[in-house]
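> Quick one: sequence plus predicted model below, questions after.
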Amino acid sequence: MSLQGIVYILTNKNKTTLYTGVTKNLQRRIAEHKLHINKGFSHRYNTDNLVYYEIYNRLDVAIHREKQLKKWHRDWKEALINEFNPEWKDLAADIGVDEEYIQSVKESYQNGALEAGNPKEDVG
């Protein structure tokens, strides 16, 4: 049986940049973005506000959807976000990513329980 997968879209404070990703653990992944654990695109463009996500029962389907969304024009992504989250509010708290949770993820990294690296690691 395949694991669950979640496709998500982040934006920055000014909503000028979009980042599309996939993960098996949305809470932890969003906390990592907020902590700038991985020094890639999301870190460079400060995309740490969760504005959209889709949950799939199968990880391979989520990965396929992520690849599809990455090919979309920005206006198509904006329409998707507007339908799901018209105010473009940061949904992190809605999925349980609050300051306490973010601090626990930070401590896990500091204690060596988690390792920074390839963000795709947690998708298989």
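Yep, that arrived. Residues are numbered from 1 along each chain as shown.

> mind listing the strands for this structure?
5-11, 18-23, 49-56 (DSSP state E).

> Packed most tightly, which of those would that be?
strand 5-11 (a mean of 24; mean count of other C-beta atoms under 10 Å). Using the backbone N, CA and C atoms, a C-beta is placed for each residue, glycine as well.

> Determine the set of other helices and strands touching it.
strand 18-23, helix 26-35, strand 49-56, helix 59-71, helix 74-84 (3 or more C-beta pairs under 8 Å, 6 or more residues apart in numbering; DSSP states H and E).

> re the thing from before, kindly reformat the strands of the chain as a markdown table containing distance to G112 and mean pLDDT.
Shown next, in a markdown table, are the strands of the chain (distance: least, C-beta to C-beta, whole Å; pLDDT from 0 to 100):
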| stretch | distance to G112 | mean pLDDT |
| --- | --- | --- |
| strand 5-11 | 26 | 98 |
| strand 18-23 | 21 | 98 |
| strand 49-56 | 27 | 98 |
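
> Please tabulate these in JSON lines, including the columns distance to E87.
Below are the strands of the chain laid out as JSON lines (distance: least, C-beta to C-beta, whole Å):
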{"stretch": "strand 5-11", "distance to E87": "12"}
{"stretch": "strand 18-23", "distance to E87": "16"}
{"stretch": "strand 49-56", "distance to E87": "9"}
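
> if we can go back for a sec, minimum distance to N12: which of the helices and strands packed on strand 5-11 has it?
strand 49-56 (6.9 Å; C-beta to C-beta).

> Quick one: residues in contact with the closest one.
4-13, 26, 30, 62, 65, 80-81, 84-85, 88-92, 95, 97 (C-beta atoms under 8 Å, 6 or more residues apart in numbering).

> which among these end up buried?
5-11, 26, 30, 62, 65, 80-81, 85, 90-92, 97 (16 or more other C-beta atoms under 10 Å).

> quick one: low-confidence parts of this protein?
1-2, 116-124 (pLDDT under 70).
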